[in-house]
Structure formats: C-alpha cells, structure tokens
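1. would you be able to build a 3D model of this:
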Amino acid sequence: MEDDYNAELKNSGFDQQSATNVKNHIALVKSIIESTNQQLGEYNKDIENLRQELSAMKQEVTVYNEEINNTTKPTLAALLKNLKLAIGAQKDENSKLQSQLTELKKEKSQIQQLIISCINKLAILENQVGSYS
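-> Residues are numbered from 1 along each chain as shown. Here you go, the predicted model:
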C-alpha cells in the first residue's frame, strides 16, 4: 500500500507539473494572441491612415489635373488657332507664288519666241545685206 501511495504521489506530482506546463502554455498562447491582436489593431490603424493619405493624394492629383487643364487648354487653343491661320496664309502665299511662276514661264516663252523671231529676221537681213555686197 505504501508503494501505491508513493506511486500516487509521484503521479500527482507529474500531473501537477503537467498542469503547470499546460497553464504556462495556455498563458503563453494567450499572450501571443493578445500581442497578435494588438499588432493587428496597429496594422488596421496603419491601413486606415494609408487609405486616408491615398484619398488625400488622389484629391491633390485631381486638383492639379484640373488646374493644368484650365491653364493649358486656352493656350493650346490659341496656339492651334494661330497655327491654322498660319497654314492658311502659307497656302495663299504658295498659290500666289505658283500663279506668278506660271506667269513668268509664259513671259519667258513669249520672250524666247521674240528672240527666235529676231534671230530669224537678223538672218534674213544678213542674207539681204550680204547679197548687196
């Protein structure tokens, strides 16, 4: 019976040690869960802060885009209008120059005809003068 009692004490000591280990393990798990929950809360706060920053940045970019559109569109429209006017003026000038060139070619052709006529008359005159000599 004494052996049974000693064995029972040893077993209860083991049980007490196991219970202590289980309690320690539960306490450790509980601590880890609390730490994880705390970190999760911090991450959630960080996520919310980042979302707010992102929203603020989007608004800022939208404002800048609108400002750029408002300042550049009138300038671009004026430049485009000036370009179209310059293109039209250049086309008109090109047309006038083409007409003048055509007229000069006609005059050149007429002058060449006159020169040929004069050369022929000169040849006739030289033949006539040469025959009187």
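
2. now do the same contact list for residue 111.
-> Contacts for residue 111 (CB atoms under 8 Å, 6 or more residues apart in numbering) come out as none. Any C-beta I mention is one placed from the backbone N, CA and C, and that applies to glycine too.

3. mind telling me what element it is part of?
-> Taking DSSP states H and E as the definition, one finds residue 111 inside helix 2-132.

4. and that helix, average pLDDT?
-> Throughout helix 2-132, pLDDT has a mean value of 89.

5. distance between that helix and the chain's centre?
-> Centroid displacement of helix 2-132 relative to its chain, using CA atoms, centre = their mean, to the nearest Å, is 0 Å.

6. for stretch 116-133, same thing?
-> 80 Å.

7. quick one: neighbours of residue 77, just the number.
-> 10 (other CB atoms under 10 Å).

8. any idea how far it is from residue 69?
-> Taking CB to CB, to the nearest Å as the measure, residue 77 falls 12 Å from residue 69.

9. and if you look at residue 101?
-> Between residue 101 and residue 69 the computed distance is 46 Å (CB to CB).

10. again with residue 79
-> 15 Å.

11. same check, this time on residue 23
-> Counting by CB to CB, the gap from residue 23 to residue 69 is 68 Å.

12. give me the number of residues near residue 79?
-> Residues near residue 79, counting by other CB under 10 Å, number 11.

13. also residue 99?
-> Neighbour count for residue 99, taken as other CB under 10 Å: 10.

14. the chain should start at 47 in everything you say after this.
-> That works, and once the first residue is 47, the last one we named lands at residue 145.
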